[in-house]
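**Student:** Okay, structure incoming, though there's no sequence with it:
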């Protein structure tokens, strides 16, 4: 089992500034899954509770001279602590840019590889993900401890979970301002902890929290819709948010699911990855609330297909549908 | 059907500075879980909180603070509400860096307090807060001056807060003393140690903005109640450099008053000198009963 690659500048800026800090907020431990074509950061794919997140990069987006080999079709997966990963990456980048800034003649690259080492006071060698940087006068090696690589069976299970998680909801609405939604949801956390989320085919996103003492909600109307659409009957234009939602659900034009407010807020942390668009949808059979983040090629309105990120928020109650 | 008889409500009002209202209500929130009584009248909204029959606070939101104020009830309707929930809920309406306008309506079909954002067509935040039958206010104190002239001083809110915060160290019981000659306010705490803080009128006019006292007055107050009067003053008030007025009334009743700006964040409501219009101020009043003297 071997893995060795050089992080590109683009890869560094994607990971260090955007993805790793954002994913760390979703959960400190994730699976790093490396294949011949792609690199994945996966949260909660092998356990049912918690927000699942799937960040996928084409290897060219992050690395050059990418080399991987394993007896399991060149697939390697292991668990890693994102906070440690971020620390190692950050300090490697600091040394790396310091040396690059000095106008050194030798091309200066950031090497990432898998190693087995014997840590002090241990009899068993342990696996590490190692970052190697050459500065002006020094070379710095940082070892981030990782779990034992997943067995063939576990990798297969991870791949199956990944395939299952690719389902796209039939109707998705585009939330224009996730930071505004985040600030609203963060304040809602003081009031309660269960959130009903309704997505309607005519472009409404309705979030509502309800306890014995209070009902608090927000309705975002006329959002862009991807997938199945419908029109709002004129007679319902002037109803209250709650009545409009109730009727749409009865008609089958909307679905409601209940999720944990904490999970919902966590998924919003993904906006730290600086996506260009965010879409919310409810997966088939109300199995989960899906958020898909879209990234554009810088300076264009074209989707950057080398990066993808989506979250699946577990549904607590199948709802009234 | 949904918008039937909108005028049947006792009160429908609109306020364009939710954050100002949050600030005003937060200043009387000294506990996490706290119940309040709200009283509506044609003059405005008053919110009252009290504790142990020794500490009472009132927030006056005059009708001038509201862009719209339709009062349609006879008498003064009162209802109980969880202050914590009310403040946390109002807070969700306040968008940072943007003035948000909301409509407040009472009562809803089930006697709820209804809130609704009204500044955007495509995004609407709404809330229904359950109200309770109000508890009776155990003391509606008729505050009377101690002598012919009121015994009072006005200090910078930040300075008053700092002094009271510092008195936490001796804790328990704090003596407040006002003396006419030399004009001076003394806070004295005895407990785990002694601490005395003096505000001298002539020495530091920056600190003590006004002082009025013709007799030597001295009373003791429980620290935890005294602390509640300043512990939650919003930082905007401290930054505005406003004064807080402290008055000692008959029997040693302590009254502490703060002013919280509910002006719109834009400049349209400022007068040419740059001060918020007087009508855009919420008044906060605290009443603290003195400690009974054991030896008297």
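**Tutor:** Perfect, I can see it now. Keep in mind that this is a model prediction, so the values were computed, not measured. Numbers count the residues shown, from 1 in each chain, chains lettered A, B, ... in the order given.

**Student:** rest of the way, CA atoms for contacts and neighbours
**Tutor:** OK.

**Student:** Number of residues surrounding the closest residue to chain B within the stretch 51-200 of chain A?
**Tutor:** Ranking the residues of the stretch 51-200 of chain A by distance to chain B (C-alpha to the nearest C-alpha) places residue A:187 first, at 5.2 Å. When neighbours are defined as other C-alpha atoms under 10 Å in any protein chain shown, residue A:187 has 17 of them.

**Student:** same deal with residue A:91?
**Tutor:** Using other C-alpha under 10 Å: residue A:91 sits among 15 other residues.

**Student:** Kindly report the same for residue A:231.
**Tutor:** Residue A:231 has 10 neighbours, counted by other C-alpha under 10 Å.

**Student:** Quickly list what residue B:62 is bridged to.
**Tutor:** Beta-bridge partners for residue B:62, by DSSP bridges, are residue B:44.

**Student:** Next, the buried residues of stretch A:45-59.
**Tutor:** Within stretch A:45-59, the residues that qualify as buried are A:45-46, A:50-59, counting by 16 or more other C-alpha atoms under 10 Å in any protein chain shown.

**Student:** Let me fix that, I meant to ask about stretch A:66-86.
**Tutor:** A:66, A:68, A:74-86.

**Student:** quick revisit: in strands, which of the buried residues of stretch A:45-59 fall?
**Tutor:** Judged by DSSP state E, these include A:52-58 as members of strands.

**Student:** ok, the residue of the stretch 51-200 of chain A closest to chain B touching residue B:94?
**Tutor:** No - using C-alpha atoms under 8 Å, residue A:187 is not in contact with residue B:94, being 9.4 Å away.

**Student:** quick check, distance from the helix or strand of chain B with the lowest mean pLDDT to the centre of its chain.
**Tutor:** Confidence across the helices and strands of chain B bottoms out at helix B:235-240, with a mean of 82, counting by mean pLDDT, DSSP states H and E. Put simply, helix B:235-240 sits 14 Å off its chain's centre (C-alpha atoms, centre = their mean, to the nearest Å).

**Student:** elements contacting it?
**Tutor:** Judged by 3 or more C-alpha pairs under 8 Å, 6 or more residues apart in numbering or on different chains; DSSP states H and E, the packing partners of helix B:235-240 are helix B:157-166, strand B:254-261.

**Student:** Next up, the contacts around residue B:67.
**Tutor:** Going by C-alpha atoms under 8 Å, 6 or more residues apart in numbering or on different chains, residue B:67 touches B:13-16.

**Student:** Relative to residue A:311, which of those residues is nearest.
**Tutor:** The closest of the contacts of residue B:67 to residue A:311 turns out to be residue B:16 (C-alpha to C-alpha; 36.4 Å).

**Student:** Quick one: mean pLDDT over stretch A:125-145.
**Tutor:** Here stretch A:125-145 scores 88 as its mean pLDDT.

**Student:** residues in contact with it?
**Tutor:** The contact list for stretch A:125-145 (C-alpha under 8 Å, 6+ apart) reads A:80-81, A:84-85, A:88-89, A:92, A:95-96, A:98-99, A:102, A:104, A:108-119, A:146-148.

**Student:** Among these, which lie within helices?
**Tutor:** A:84-85, A:88-89, A:92, A:95-96, A:98-99 (DSSP state H).

**Student:** just those residues now: which is nearest residue B:76?
**Tutor:** Looking across the ones in helices among the contacts of stretch A:125-145 and measuring by C-alpha to C-alpha, the closest to residue B:76 is residue A:84, at 61.2 Å.

**Student:** Give me the nearest residue to the closest one, chain neighbours excluded.
**Tutor:** residue A:144 (6.5 Å; C-alpha to C-alpha, 6 or more residues apart in numbering or on different chains).

**Student:** which residues touch residue B:99?
**Tutor:** B:16-18, B:264-265.

**Student:** And those residues, which two are furthest apart?
**Tutor:** Longest span within the contacts of residue B:99, C-alpha to C-alpha: B:18 and B:265, 10.4 Å.

**Student:** So for these two, which sits in the more crowded spot?
**Tutor:** The residue with more neighbours, out of residue B:18 and residue B:265, is residue B:18; 24 against 18, by other C-alpha under 10 Å.

**Student:** Surely that one touches residue B:92?
**Tutor:** No - using C-alpha under 8 Å, residue B:18 makes no contact with residue B:92, being 9.5 Å away.

**Student:** roughly how far apart are residue B:190 and chain A?
**Tutor:** Look at residue B:190 and chain A: by C-alpha to the nearest C-alpha, to the nearest Å, they are 38 Å apart.

**Student:** picking up where we left off before, so which of the contacts of residue B:67 also contact chain A?
**Tutor:** Filtering the contacts of residue B:67 for proximity to chain A by C-alpha under 8 Å from any C-alpha of the partner chain leaves nothing.

**Student:** Nearest to residue B:213 among these?
**Tutor:** In terms of C-alpha to C-alpha, no member of these lies closer to residue B:213 than residue B:15, at 39.1 Å.

**Student:** who does the residue lying closest to residue A:214 once chain neighbours are set aside bridge with?
**Tutor:** Distances taken as C-alpha to C-alpha, 6+ apart place residue B:129 nearest to residue A:214, at 4.5 Å, with adjacent residues excluded. Bridge pairing for residue B:129 (DSSP bridges) gives the partners residue A:214, residue B:113.

**Student:** Quick check: residues of chain A near chain B?
**Tutor:** Proximity of chain A to chain B, by C-alpha under 8 Å from any C-alpha, involves residues A:180, A:183-185, A:187-188, A:190-191, A:212-222, A:239-241.

**Student:** Chain A contacts on the stretch 1-150 of chain B?
**Tutor:** Proximity of the stretch 1-150 of chain B to chain A (C-alpha under 8 Å from any C-alpha) is limited to residues B:2, B:85, B:88-89, B:91-93, B:95, B:122-130.

**Student:** Could you check how many residues crowd around residue B:144?
**Tutor:** Count around residue B:144 with other C-alpha under 10 Å applied: 12.

**Student:** Do I have it right that it meets residue B:252?
**Tutor:** No - contact criterion C-alpha under 8 Å: residue B:144 and residue B:252 do not qualify, at 10.0 Å.

**Student:** deepest of the helices and strands packed on helix B:235-240, which one?
**Tutor:** Stretch with highest mean neighbour count among the helices and strands packed on helix B:235-240: strand B:254-261 (a mean of 23; mean count of other C-alpha atoms under 10 Å in any protein chain shown).

**Student:** Show the average pLDDT along the next helix or strand after it.
**Tutor:** Counting by DSSP states H and E, the next helix or strand C-terminal to strand B:254-261 is strand B:281-288. The average pLDDT within strand B:281-288 is 94.

**Student:** check contacts around residue B:160.
**Tutor:** B:230, B:244.

**Student:** Report the separation between it and chain A.
**Tutor:** Distance from residue B:160 to chain A, counting by C-alpha to the nearest C-alpha: 30 Å.

**Student:** per-residue pLDDT, that residue?
**Tutor:** 93.

**Student:** One more: residue A:178?
**Tutor:** For residue A:178, pLDDT reads 86.

**Student:** State the distance from it to residue A:272.
**Tutor:** 10 Å (C-alpha to C-alpha, to the nearest Å).

**Student:** What helix or strand is the closest residue in space to residue B:186 that isn't next to it in sequence located in?
**Tutor:** Distances taken as C-alpha to C-alpha, 6+ apart put residue B:198 closest to residue B:186, at 4.5 Å, once the chain neighbours are dropped. Assessed by DSSP H and E, residue B:198 sits inside strand B:194-200.

**Student:** Which SSE is immediately downstream of that strand?
**Tutor:** Next element after strand B:194-200 (DSSP H and E): strand B:208-212.

**Student:** Just checking: what are the partner strands of the helix or strand following that following strand?
**Tutor:** Of the helices and strands lying after strand B:208-212 in sequence (DSSP H and E), the nearest is strand B:217-222. Looking at strand B:217-222 with DSSP bridges, its partner strands are strand B:173-179 (antiparallel).
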